[in-house]
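**Student:** Curious how this folds, go ahead:
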Amino acid sequence: MSFAREGLPFIVGSAIIAAAAYLLAIERRSWPLWLLAFVLTLVALWVAYFFRDPARVGERANEKFLKAFHQRFGDAAHANWFCVNSYMQVQLFAAAAERAGSVEVDDVSRVIGTGEVEAPLGIARVDPESNYTYCTSRLGIANSRGRFEIVYEAPETVRPDPFLLAYA
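**Tutor:** Numbering: from 1, shown residues only. Here you go, the predicted model:
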């Protein structure tokens, strides 16, 4: 497949999302919002390519996810940041509902931050204070095929700071 068929839809989608976020940042004259939009744009682009190759991380959950994804949507389809996170959120909800013994909002909310699941990006768990998920940080170098070679992976997940409070 050519880059235009594989990568262009992700580039265009990310560019539209980024443009909206940047316009909001400019309208509100918010440097942190602009920076957050920029980082989210980079993450969305990176993850879109990251998930095209299950050997990239080599985790069982990633391979299981990609196999099910391709069975459902075909080999030409590429998983992106949105579907991967949706999949992870369903896994987290199901595990919390099982621990709570219920699917009621209050019951699940009480236990959502007490467990973890093996997700395509690695171990996923919810921070009970912010209700955002921890993530495993990875650094990669772009290669000539438009993919990334992972050169560093954090030894443990990173606590979420969605509102950049650690920097205030």
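
**Student:** Skip the chain neighbours and tell me the closest residue to F69.
**Tutor:** The shortest distance from F69 to any non-neighbouring residue, by Cβ to Cβ, 6 or more residues apart in numbering, is to A79 (5.1 Å). Placement of C-beta: from N, CA and C, glycine included.

**Student:** Quick check: that neighbour is in a helix.
**Tutor:** No: counting by DSSP: H, G, I helix; E, B strand; the rest coil, A79 is not part of a helix but coil.

**Student:** Output the below-cut-off pLDDT ranges for the protein.
**Tutor:** Filtered on pLDDT under 70, the chain yields the residue ranges 1-15, 40, 43-59, 146-147, 168.

**Student:** What segments of it are strands?
**Tutor:** According to DSSP state E, the chain carries its strands in the segments 116-119, 122-125, 138-142, 148-153.

**Student:** May I see those arranged in JSON lines, with mean neighbour count as well?
**Tutor:** Shown next, in JSON lines, are the strands of the chain (neighbours: other Cβ atoms under 10 Å):
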{"stretch": "strand 116-119", "mean neighbour count": "18"}
{"stretch": "strand 122-125", "mean neighbour count": "20"}
{"stretch": "strand 138-142", "mean neighbour count": "13"}
{"stretch": "strand 148-153", "mean neighbour count": "12"}
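
**Student:** Dump those into JSON lines; add distance to A37 as well.
**Tutor:** Shown next, in JSON lines, are the strands of the chain (distance: least, Cβ to Cβ, whole Å):
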{"stretch": "strand 116-119", "distance to A37": "25"}
{"stretch": "strand 122-125", "distance to A37": "24"}
{"stretch": "strand 138-142", "distance to A37": "21"}
{"stretch": "strand 148-153", "distance to A37": "21"}
